[in-house]
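1. I'll drop the sequence and a predicted model, then ask my questions.
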Amino acid sequence: RRRRHRQAAATGGITVETRARFGYTAAVGSTDDGRFRRLTVHLPPEYAQRLFDARNGGASDQEMRGIIAEGFKEIYFQDGGARAMGLSDVEINDIDYLDLDY
């Protein structure tokens, strides 16, 4: 079962649903106030692979959150390069829940 999930994620990516406080570093003049958001974001297969590799390598929760935050930055906040290019760091804090689907 675990292998099937990993194979599905490696080809189709991973969907992350969460309600958490997101903080970020942004360009001067824009808001960087952290706030709670409920997001459902589909991350590409490379993020799924990084998460599986990190978990198998004994990564901490903080490291796993960092990988998800990078994916949210690229896919949600920057829309794959179409906006918010001055955004440098995204953090996930105060997680109410986090659900992964393959």
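-> That came through, no problem.
2. distance of the spatially most central residue of the chain from residue 3?
-> The centroid of the chain falls nearest to residue 68 when counting by Cα atoms, centre = their mean (2.4 Å). Residue 68 is 22 Å from residue 3, where distance means Cβ to Cβ, to the nearest Å. Heads up, the C-betas are built off the backbone N, CA and C, glycines and all.
3. and the residue nearest to the centre of the chain, what helix or strand is that in?
-> helix 61-72 (DSSP states H and E).
4. in stretch 52-69, what's buried?
-> For stretch 52-69, a neighbour-count test (16 or more other Cβ atoms under 10 Å) marks 52, 59, 64, 65, 66, 67, 68, 69 as buried.
5. do you know the pLDDT at the first one?
-> Think residue 52. pLDDT, residue 52: 89.
6. is it correct that it falls within a helix?
-> Yes: under DSSP: H, G, I helix; E, B strand; the rest coil, residue 52 falls within a helix.
7. could I get the full set of strands for the chain?
-> Assigned by DSSP state E, the strands in the chain fall at 14-25, 35-43, 89-101.
8. for residue 79, find the nearest of those strands.
-> Comparing the strands of the chain by their distance to residue 79 (Cβ to Cβ), the top pick is strand 35-43, with 10.9 Å.
9. strand partners (parallel or antiparallel) of that closest one?
-> Partner strands and pairing direction for strand 35-43 (DSSP bridges) are strand 14-25 (antiparallel).
10. what residues does the strand it pairs with touch?
-> Strand 14-25 is contacted from outside by 32, 34-43, 45, 47-48, 51, 68-69, 71-73, 77, 87-102, using Cβ atoms under 8 Å, 6 or more residues apart in numbering.
11. what about 7 Å?
-> By Cβ atoms under 7 Å, 6 or more residues apart in numbering, the residues outside strand 14-25 that reach it are 32, 34-43, 47-48, 51, 68, 87-102.
12. now stretch 90-97
-> 18-24, 34, 65, 68-69, 72-73, 77.
13. who touches the helix holding residue 68?
-> Residues outside helix 61-72 that contact it (Cβ under 7 Å, 6+ apart) are 16, 39, 41, 43, 47, 50, 51, 54, 55, 90, 91, 92.
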